[in-house]
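S.K.: Need a 3D model of the following:
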Amino acid sequence: MGKIKVTTCDIEGLKIIEPAVFGDERGYFMETYNYNDFKEAGIAEVFVQDNQSASKKGVLRGLHFQINFPQDKLVRVINGEVFDVAVDLRKGSKTYGKWFGVTLSAENKKQFFIPKDFAHGFVVLSDYAEFAYKCTDFYHPNDEGGIAYNDPSIGIEWPFDENFELTLSEKDQKWGGLEEFTEKYRK
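M.R.: Numbers count the residues shown, from 1 in each chain. Okay, here's the model as predicted:
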């Protein structure tokens, strides 16, 4: 292996991936994804869709998931910096409702692997950020769900204070909390 360093997180299944970066006076080169290296590291999922978004500082996207067509995701930042969060929604998990967050940036080149049945979201910390991610299932617009980013029962410690100017989509402003999700989907 040697081309990637994989760090497991406090929540089973979540992994931080650091690719080997080869730099010189011209710039750098890195493999962002190699199926064989990832498989050797325990990530053998097959990705079927790549997505990319651009956002300005303060944009918070999430916490999103697909209900009947859950996706594993491999996320990274190609420009700027974000704080990326995953919340465990796996039925019967000992860490159900717990969260983990990591700073992803173009500079640190870290990637974050998020398994199926996690809610996912991020907030842009730099003036501008471009976010790219691979998914193991296609996006189904009628299958999306979400949880409020500020649900106190989850208690995500976002790296901003009350003076930080957030921008949320209309949809993201309407999500309920973990309790509502549990009542609706985890009976």
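
S.K.: can you give me the strands for this protein?
M.R.: Assigned by DSSP state E, the chain shows strands spanning 4-8, 15-19, 22-24, 27-29, 49-56, 60-66, 73-79, 81-88, 99-105, 111-114, 118-124, 128-135, 144-146.

S.K.: so which of those strands gets nearest Asp37?
M.R.: Comparing those against Asp37 with C-beta to C-beta, the closest turns out to be strand 4-8 (5.2 Å). C-beta here means a position set from N, CA and C on the backbone, and glycine is covered the same way.

S.K.: Now do the lowest-mean-pLDDT helix or strand in the chain against strand 60-66, angle only.
M.R.: Using mean pLDDT, DSSP states H and E, the weakest-scoring helix or strand in the chain turns out to be helix 178-185, at a mean of 87. Using axes from the mean of the first three to the mean of the last three C-alpha atoms, to 10 degrees, the inter-axis angle of helix 178-185 relative to strand 60-66 is 20 degrees.

S.K.: mind listing what's buried in helix 178-185?
M.R.: Buried positions in helix 178-185, judged by neighbour count with 16 or more other C-beta atoms under 10 Å: Leu178, Phe181, Thr182.

S.K.: Quick check: nearest residue in space to Phe22, chain neighbours excluded?
M.R.: Nearest in space to Phe22, with sequence neighbours left out and distances taken as C-beta to C-beta, 6 or more residues apart in numbering, is Phe29 at 4.9 Å.

S.K.: Sorry, wrong one. I was asking about Glu130.
M.R.: That would be Asn79: by C-beta to C-beta, 6+ apart, it lies 4.0 Å from Glu130.

S.K.: tell me the residue furthest from the middle of this protein?
M.R.: Glu25 (32.1 Å; C-alpha atoms, centre = their mean).

S.K.: Would you check that Pro178 makes contact with Gly145?
M.R.: I think there's a mix-up here, since residue 178 is Leu and not Pro. No. Assessed by C-beta atoms under 8 Å, Leu178 is found out of contact with Gly145, at 11.7 Å.

S.K.: Which pLDDT value goes with Gly2?
M.R.: Confidence at Gly2, expressed as pLDDT, is 57.

S.K.: what do you get for Ala20?
M.R.: Reading off the model, Ala20 has pLDDT 91.

S.K.: residues near it, how many?
M.R.: By other C-beta atoms under 10 Å, 14 other residues sit near Ala20.

S.K.: Please look at it and Ile4 and confirm they touch.
M.R.: Yes. Ala20 is in contact with Ile4 according to C-beta under 8 Å; the separation is 6.8 Å.

S.K.: Are there residues contacting both of these two? Which ones?
M.R.: Residues touching both Ala20 and Ile4 (C-beta atoms under 8 Å, 6 or more residues apart in numbering): Glu31.

S.K.: neighbours around Asp127, how many?
M.R.: With other C-beta under 10 Å as criterion, Asp127 counts 10.

S.K.: list the contacts for it?
M.R.: Asp127 neighbours (C-beta under 8 Å, 6+ apart): Lys56, Lys57, Gly80.
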